[in-house]
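Q: build me a model:
(4 chains)
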Amino acid sequence: MLHILGRRALSVGRLTALSATMQLRHGLLAMSGHVTSLKVYIGIFLTLMFLTGVTVAVAYVNLGQLNKVVALGIATFKASLVVWYFMHVKYQSRLTKLVVVSGFFFLAILLGLTMVDYGSREWVNPPASLQ
Amino acid sequence: MHAHAAHHPALQHQFQTMSQQKESAVLGMWAFLLTEVLFFGGLFMAYMLYRTWYHDAFVLASTSITIFWGLLNTVVLIGSSLTMALAVRSAQINQRKATVMWLIATMVLGTVFLGVKVIEYADKFEHHHVPGPEYAFIEPGHEPIFELGPHGRELLERNSAESLNRTTQIFFSLYFTMTGLHALHMIIGIGLMCVITWMAWKGRFSSEYYTPVEMSGLYWHFVDIVWIFLFPLLYLIDRS
Amino acid sequence: MDAIRTIPATHYLNNGHGLASWLLTKDHKRIAIMYLVTISFFFFLGGLMAAGIRLELATPQGDFVAADTYNKMFTLHGVIMVFFFLIPSIPAVLGNFLIPPMIGARDLAFPRINLLSYYLYLVGGMFTLGAMLSGGVDTGWTFYTPYSAAASNTSVIPTALGVFIAGFSSILTGLNFIVTIHRMRAPGMTWFRLPLFVWAHYATSLIQVLGTPVIAITIVMLGVERAFGFGIFDPARGGDPVLFQHLFWFYSHPAVYIMILPALGVMSELIANFSKKKIFGYSFVAFSSLAIAVFGFIVWAHHMFVSGISVYAAMVFSFLSFSVAIPSAVKVFNWTATLYKGAISFETPMLYAYGFMGLFAIGGLTGLFLATLGTDIHMHDTYFVVAHFHYIMVGGAIMGYLGGLHFWWPKMTGRMYSEFLSRISAILVFVGFNLTFFPQFIVGYLGMPRRYHAYPDEFQVLNVLSSAGASVLGLGYLLPVIYFVYSLKRGEVAGPNPWGASGLEWEIPSPPPTENFAVIPRVTTEPYEFTPHVARERELV
Amino acid sequence: MSVFGIPIFPEQASSFAKDVDALYFFIVAVSAFFALLVAVLVVVFGVKFRRKHAGEVGARIEGNLPMELAWSVIPAVIAMVMFGWGASLFYHLRRPPAESMNIYAVGKQWMWKFQHLEGQREINELHVPTGRPIKVTVASEDVLHSLYFPAFRTKIDAIPGRYTQLWFEATKPGTYHMFCAEYCGTNHSGMIGSVTVMEPAAYQNWLAGAEGGTMAERGAALFSQLACNTCHLETGQGRGPSLKDIYLKPVELADGSTVTADEAYLRESILNSQAKIVKGFQPLMPTFQGLISEEGLVSLIEHIRSLSPNASAPGAPAAAGAAGAASPTGATNQTPGTVR
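A: Predicted coordinates for the structure are as follows:
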């Protein structure tokens, strides 16, 4: 952060110019949008169907702890396909992509930092390495 | 107004150009979906915690749910995502009738999904799998009313009926809250689409202006994504 | 000079008459005025509750009202002040009014959604009022489980529903601002030419969009638990009541920044304009707003150090909590440096700005005691905490709100208020505030817990001081109502730029026309450019 | 400490009160320095750079990077000092010494109930000796409460469904406040009590006034009253495992994992007996959920503890795990029971 701040303070002019370019770009970008071909849509649909089958099938195979990793991995991949193609993020501005990513970033903060508490509740004694 | 911008009837007064208007709508919709991610995120947090705490109960409760209905609904919902995407595409390329048709197809599939949900809920009501005073997952001393998974017997033996009744209730509380809110989103989506379909029928959209179709599409796909996660999390815990 | 001090023939206030022209308006300025009226109502309602609380605490015995009534009073005080006053105050009134003209736009990106968010706010408020009239609610504004889910027999669900609905109002306002700031800036209005007020609102909006849904879902879970007997947080069903606190504070800690960040934005405007000087280290101040917004999301469990979270989690969160202190400190230092070699004058808004600097500094610094684990164990849930957050929220957010309101009042109404009375009011607020809340630091470290209806005798003197201060503070808050209302008809005509301030909003007439700008301006200068001929001084009475 | 008869500073009556206050004064000093610095600068600038005439504008100063960095980094360093100091003190405050004396506290709407091992029971009053670390294990029968001793500078929430704990070593005889610090409903402020710190001899005298036997004896009575003794034979031949010498010992479970038989585990096993089945035994024990009060529960645990004369008093925050997440072994067990 500080690094960025520092650079910014040093070169007000450059960044101002940069923002001006961004302004310009937003005017040109994405007027009537990208028309995705039927083939892509059908292909994505079939992939999603296939992955649904895989996720059900895998549930019947005992992979131990890996089961939930695989299930969530497939779900995440499916969701990404929907976001990327059906929701046209592929053809959207970087800002939209940033918005999508930040949603999951903040969700990760919520889940991750809460689990910091629950994950260490049973550390009755500090792990040997800390003692 | 800027002189060079062709004054499209759908251009609102606060905007200078159609592209500015559309970009605003897209960003606004995505910001809204961001909100939705965090909204369901709270439920996923609770789910994650209790699944770790009450693993046995979650496995048993998950096995008691019929995969068939969940799978059917997944297919239906992904199908509806396809038809929705095609509706947007038709609007983009000025095919009014196709737009209306695909929108109707989407609504039909959405309704099928809700119908299946009704069947599933009714089943749970009948078997007292709805949390509350009537709740009973397993009658002490009785065989469970659902088919046990491969480890089911073992899980059943190492937990008492009382403790399972207590902790599976958390699973079903989350099940009903998650699927209930998801279904509510679908109902709102279908309502939204009724309006959009009517607008499409009236010829309000064109390759110049189809933002409302696209926005409802984004919403609908998001609802689909939520289900893509709910399906494995609720239906598919450890069937091996 | 008098020639330019006129009220234009048509402006947003007289463009359309009758109730419907207000209730169905899509003009961001009219919506801002409707918010102003409504939140003022809630502010005085919440203030009434505060008066009841301070009256009760004047004696140790708990003899003014019954314990139940007292509990309902502090609950409603908290719920109303947090959700129906502080959170909407600056964004919904000043932000709504000023962001479009500041960035050179005709309106927000989604005027209809703006109106919708006002009505959501109103409906949420009605639910809460309804809950109050139907017997009140006694859970505290934090709604902690299992008390709220199982033990309390008051109107928890209607109140929570009110908060839930108002939450969506907040989300939609934030969403509208984000899109507006991204997409509606006039040509040449680059990110680094934005007034810092806009930066602060952008950061605030991020929190509103990202945080509010989490409390919404938490309320839903609480609601289904209470209404249908679902088990999620209930320990009797194996749930964890501490999970509620995690989810609650994931929103409610960042919510503190929803309340204070816009006030920080107002401060930057006031300090720049009343010292006629560019803000020192503009980009640091701008980025510190974003840093506060983002870091605000990783510190929440410092509200839970004695709630039974793990020792190690407490350490992680304590460490992270200090990260928020740095950008806040940076802001204060930058404002101070801005004053250096400025051309400072002390009209009422600047008095508020000075008051704000002092109170916000104390509020922020006392936060260090609570982020530090060793001391928080003793201070948690005592009056020290109460004093600390009132220094931030009342001393910070409300001082910022009032300062901003005094600064932009001529823009909103076209008229000036009494400078004499407003200065008196600013001084009363500052003195009354310190008298009310400073003793609470002391009584807090002595160990007096918060939410106590009766307390041990030896705390009485400090409590009486606090109650006495509250009456001065109350007077300070009532005065503006009088001179503001008076100014509407009789106030001196202000003209477009009575302060000689910089910023696009001062280049349009006061009150502005409905469309703000007849021609969308083209921006060519940095923010806070003051040149001698631009700085027109208004002679003071 | 008081000024003109107004108290302004609480008594220091525990071994770590001085440490907490030292950290407090350190932060006060830092805060006062920065608050005064800003206040003085703001006032001086306000006077010195007052606008002299209409139309005057401030000097053009954009910013100064070294200064910005200085006032970002210096506060950051000071903050880290506070964090480190606070965290190490906190660690000390949260870990009872191994030789602590046990007292059990149960919060309920709206009173605190205490039990001493020797059998004394008190409501809203607590008697403790000086010079010995005392560990208070805290439970709640209904909603959240928080046990708070300002003079000792410590508090902890009472959470239904699990145990939490705090400890202190009283240093100064006298009577001090005891509060409930977490809002718990109508008579929240009615949960004010007092803690009386006594010289050890006086405390022994006070204990001698106990009626109805020690806590362990009460627990033993309850043990047979609930017919626990019919299965939990000391020989280990009964239908339930022997409880002799199990306290704080590892217990192997049916699913292959191991837990430590601490208060949290014992509590869970009584209330929700099938949560963690001991290896080699059938899940036959009835659930005592709802049949036994929090106070009875702690007596039972105390009885079980007394069957392990060689186990040292717990030195670690055993209760913290009561509602913990999955055990580190990844065991797939049900967690804790609760009393309603």
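
Q: ok, residue C:22 - contacts?
A: Taking C-beta atoms under 8 Å, 6 or more residues apart in numbering or on different chains, we find residue C:22 in contact with C:16, C:30, C:34. To be clear about C-beta, it is placed using only N, CA and C from the backbone, and glycine gets the same treatment.

Q: rerun at 7 Å
A: Neighbouring residues of residue C:22 by C-beta atoms under 7 Å, 6 or more residues apart in numbering or on different chains: C:30, C:34.

Q: that one belongs to a strand?
A: No - secondary structure of residue C:22 (DSSP: H, G, I helix; E, B strand; the rest coil): helix, not part of a strand.

Q: how's chain A carved up into domains?
A: Chain A breaks down into these domains under automatic domain parsing: A:34-87, A:93-118.

Q: could you dump those into a markdown table with mean pLDDT and mean neighbour count added?
A: Shown next, in a markdown table, are those (pLDDT from 0 to 100; neighbours: other C-beta atoms under 10 Å in any protein chain shown):
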| stretch | mean pLDDT | mean neighbour count |
| --- | --- | --- |
| domain A:34-87 | 91 | 16 |
| domain A:93-118 | 92 | 18 |
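
Q: out of the ones you listed, which comes closest to chain C?
A: Chain C sits nearest to domain A:93-118 of all the domains of chain A, at 3.7 Å, using C-beta to the nearest C-beta.

Q: shaky segments in the stretch 51-200 of chain D?
A: Under the criterion pLDDT under 70, no range of the stretch 51-200 of chain D is flagged.

Q: can you name the residue of it nearest to chain B?
A: For the stretch 51-200 of chain D, C-beta to the nearest C-beta, closest residue to chain B: residue D:161, 11.2 Å.

Q: now that residue. Its backbone dihedrals?
A: phi 90, psi 0 (degrees, to the nearest 10).

Q: on that earlier part again, could the domains of chain A go into a markdown table alongside distance to residue B:191?
A: Converted to a markdown table, those look like this (distance: least, C-beta to C-beta, whole Å):
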| stretch | distance to residue B:191 |
| --- | --- |
| domain A:34-87 | 20 |
| domain A:93-118 | 24 |
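
Q: wait, which of the ones you listed is closest to residue D:90?
A: domain A:93-118 (15.0 Å; C-beta to C-beta).

Q: does the closest one come close to chain D?
A: Yes - using C-beta under 7 Å from any C-beta of the partner chain, domain A:93-118 reaches chain D at residue A:118.

Q: and that domain with chain C, contact?
A: Yes - interface with chain C: domain A:93-118 contributes A:95, A:106, A:109-110, A:113-114, A:116-117 (C-beta under 7 Å from any C-beta).

Q: and chain B, which of those residues reach it?
A: Applying C-beta under 7 Å from any C-beta to the residues of domain A:93-118 next to chain C, those adjacent to chain B are A:95, A:106, A:110, A:114.

Q: remind me which residues of chain C are low pLDDT?
A: Looking at chain C by pLDDT under 70, you get C:1-4, C:532-541.

Q: run the last query once more with 50
A: Across chain C, the ranges flagged by pLDDT under 50 are C:1-3, C:533-541.

Q: residues of it that sit close to chain B?
A: Counting by C-beta under 7 Å from any C-beta, the residues of chain C near chain B are C:105-107, C:109-111, C:171, C:175, C:178-179, C:182-183, C:209-210, C:213-214, C:216-218, C:220-221, C:224, C:228-232, C:237-240, C:243, C:247, C:520.

Q: packing partners of the top helix by length along chain D?
A: Determined from DSSP state H, the single longest helix within chain D is helix D:17-48. Packing partners of helix D:17-48 (3 or more C-beta pairs under 7 Å, 6 or more residues apart in numbering or on different chains; DSSP states H and E): helix C:311-339, helix C:348-371, helix C:373-379, helix D:65-94.

Q: can I get these in TSV including mean neighbour count and distance to chain A?
A: TSV is the format used below for the helices and strands packed on helix D:17-48 (neighbours: other C-beta atoms under 10 Å in any protein chain shown; distance: least, C-beta to the nearest C-beta, whole Å):
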stretch	mean neighbour count	distance to chain A
helix C:311-339	23	4
helix C:348-371	24	16
helix C:373-379	26	14
helix D:65-94	17	5
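
Q: now the ones you listed as TSV including distance to residue C:43?
A: Output for the helices and strands packed on helix D:17-48, formatted as TSV (distance: least, C-beta to C-beta, whole Å):
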stretch	distance to residue C:43
helix C:311-339	25
helix C:348-371	16
helix C:373-379	28
helix D:65-94	34
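
Q: report the angle between the longest helix anywhere in chain C and helix D:17-48.
A: Taking DSSP H as the criterion, chain C has its longest helix at helix C:241-275. Counting by axes from the mean of the first three to the mean of the last three C-alpha atoms, to 10 degrees, helix C:241-275 points 20 degrees away from the direction of helix D:17-48.

Q: residues in contact with the helix or strand following helix C:241-275?
A: Counting by DSSP states H and E, the next helix or strand C-terminal to helix C:241-275 is helix C:282-295. Residues external to helix C:282-295 that are found in contact with it (C-beta under 7 Å, 6+ apart): A:1, A:5, A:8-9, C:192, C:196, C:199-200, C:203, C:206-207, C:257, C:261, C:264, C:268, C:279, C:323-324, C:327-328, C:330-331, C:334, D:63, D:68.

Q: which parts of helix C:282-295 are buried?
A: C:282-295 (16 or more other C-beta atoms under 10 Å in any protein chain shown).

Q: and residue D:175, that's in a strand?
A: Yes - secondary structure of residue D:175 (three-state DSSP): part of a strand.

Q: make sure it is actually in contact with residue D:193.
A: No - at 10.3 Å, residue D:175 and residue D:193 do not qualify as touching, with contact defined as C-beta atoms under 7 Å.
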